[in-house]
Every structure is written in C-alpha cells, then in structure tokens.
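Asker: generate a structure from the sequence data that follows.
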Amino acid sequence: MESSLLDLLVLLLDKISLVTSFKLFSMPEQALEDTVYRDTSFFKRGDLLEVPRTLFIHYGIYLGNNKVAHLMPDILPAISDDKCQIEKVVTNKRLILGVLAKLASIRVDTVQDFAYGGSIIVNHMDKSFKTKPLSNEEVAQRAEKLMGAKSYSLLWDNCEHFVTYCRYGFPVSFQTDKFCEIVKKIIRDQRSLLVSAASGLVLVLCLGLEPSTTLPCLLITFTLWIAS
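Answerer: Model (predicted):
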C-alpha cells in the first residue's frame, strides 16, 4: 500500500513538473537566433514587434515615431473616464484585474514602455506563415482602426491574435496552440484519471462528504475520463 501511494505521489509530481516546466507563452528556440533590437531606427511602420518576457511573449505593431500599438489587459477603462490615468503605462495590478475581468484595450505606448526593458525581435512571425504579410502601411492602418477598449481572453483573444490579424489578415495565436497541445497530452494520459480520483478521494476524506468538496472532485474526475 505504501509503495502504491509513493508511486502515485511520484506520478503527481511528474505531472506538476511537466506543467511548470512548460512556458505557456515561451519563445520558440529558433527565435533566439534572430537579431534583437533596442534602437528604433531599425523599425519600419507596420513592423510586427515581439518582446520575450518571463512567461510569455508580448506583441505589438510599430506605428512610427517611436510608437507601438498593442493589446493590453486593463481594467481601468471600464471603471474610469480619466484619460490621463488611462494613458499611463498599465501597471501589473491593472493588467491582472483586466485578465480576470476579460477586459482590454488596444493602446499606443512608446517603444520603451512597450518593451519594458526587454529586447525586441522584428517580424519573426513571417517565417511561420505561408502567406505573405500585408503591406506595412496597411498593417499600421489596421492597427490604428482597432484602437480602444475591447473584450479579452488569455487564450482566444490576446495580443498575438491582434497583431496576426493586422499583419496577415486573420487572427492566430501559436502560444495558445502550444498550450492546448500540452493540455491534450496531459489529459490523454490515462494515469491522470487515477491521480485525479486519488486526489479527490483524499480531499473528500480530509474535508468530509460536503457537496462543495464532493461534487467538484467527481466532476473533475469525470471530465478527465471523458477527455482521455
């Protein structure tokens, strides 16, 4: 029995390490070979800019004159009409609340504020599309027409969808696709069902047979079973 529990614990830790080692918005390895820029003199109006960050890649469209259009989760436009405050750089608190509320805005910031200290890769996504990008001027004009508040989804309507629509004519997020593939691999592993069921049983035994604990455990196990 102790051996079985130990094996189950090892399996659970293995699953957790798989998720945590995967960066949902990680930079593809080949992108590291591209030239990175900090000098805006290399940028052209309509260029697609990428900034690799700790857990994700942030995207924007260069408009010229040191300005970048980008989609940012932001709660402030929904609760305030103060344009001076809204135009200030989006803080982490505003961003997190925007993600939770599924609210965002397509805004213009300086290249420096957009990059937030990171290096910038230019037009790297052109390698991932078979179709040629639109003309740089059309790309910039599309971005400018979309300015303002909008809904937001971390997976289905994010900054990558915005820039790919502007530059290639249709919204795509390779970061979302990669995340979904990882989730599929996890739930297709039949052992995930055993881990979920065992975890649910432990919670029920520790917290009691209350509907608030029993029903979620059953639903999670059932969902994994159906999806596997």
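
Asker: next, the contact list for the closest residue in space to residue 137 that isn't next to it in sequence, please.
Answerer: Sequence neighbours aside, residue 46 is the residue nearest to residue 137 in space, at 6.0 Å (criterion: Cβ to Cβ, 6 or more residues apart in numbering). Backbone N, C-alpha and C define where each C-beta goes, glycine included. Each residue near residue 46 by Cβ atoms under 8 Å, 6 or more residues apart in numbering is listed here: 61-62, 135-140, 167.

Asker: pull out the buried members of those.
Answerer: Among those, the ones that count as buried by 16 or more other Cβ atoms under 10 Å are 61-62, 136, 139-140, 167.

Asker: I'd like the residues you listed as JSON lines, with pLDDT, distance to residue 174 and secondary structure appended.
Answerer: Below are the buried ones among the contacts of residue 46 laid out as JSON lines (pLDDT from 0 to 100; distance: Cβ to Cβ, whole Å; DSSP: H, G, I helix; E, B strand; the rest coil):
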{"residue": "61", "pLDDT": "98", "distance to residue 174": "17", "secondary structure": "strand"}
{"residue": "62", "pLDDT": "98", "distance to residue 174": "20", "secondary structure": "strand"}
{"residue": "136", "pLDDT": "96", "distance to residue 174": "22", "secondary structure": "helix"}
{"residue": "139", "pLDDT": "97", "distance to residue 174": "18", "secondary structure": "helix"}
{"residue": "140", "pLDDT": "98", "distance to residue 174": "22", "secondary structure": "helix"}
{"residue": "167", "pLDDT": "97", "distance to residue 174": "13", "secondary structure": "helix"}
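
Asker: show me this structure divided up by domain.
Answerer: Listed by automatic domain parsing, the domain ranges of the chain are 2-22+181-227, 29-172.

Asker: what mean pLDDT does the first one have?
Answerer: For domain 2-22+181-227, the per-residue pLDDT values average out at 56.

Asker: which residues in the chain form strands?
Answerer: 36-37, 48-52, 57-64, 67-73, 103-110, 120-122, 148-151 (DSSP state E).

Asker: nearest to residue 163, out of those strands?
Answerer: Nearest to residue 163, of all those, is strand 57-64, at 4.3 Å by Cβ to Cβ.

Asker: buried stuff in the closest one?
Answerer: Buried residues in strand 57-64, counting neighbours by 16+ other Cβ under 10 Å, are found at 57-63.

Asker: try stretch 162-178
Answerer: Neighbour-count burial for stretch 162-178, counted by 16+ other Cβ under 10 Å, picks out 162-168, 172-173, 175-176, 178.

Asker: all helices for the protein, in order.
Answerer: Counting by DSSP state H, one finds helices in the chain at the ranges 2-21, 76-79, 83-87, 92-101, 111-115, 136-145, 159-168, 174-188, 191-207, 211-227.

Asker: circling back: and which of the buried ones among the contacts of residue 46 is nearest to residue 122?
Answerer: Closest to residue 122 out of the buried ones among the contacts of residue 46 is residue 62 (8.1 Å), distances taken as Cβ to Cβ.

Asker: in the sheet, who's paired with that closest one?
Answerer: Beta-bridge partners recorded for residue 62 (DSSP bridges): residue 68.
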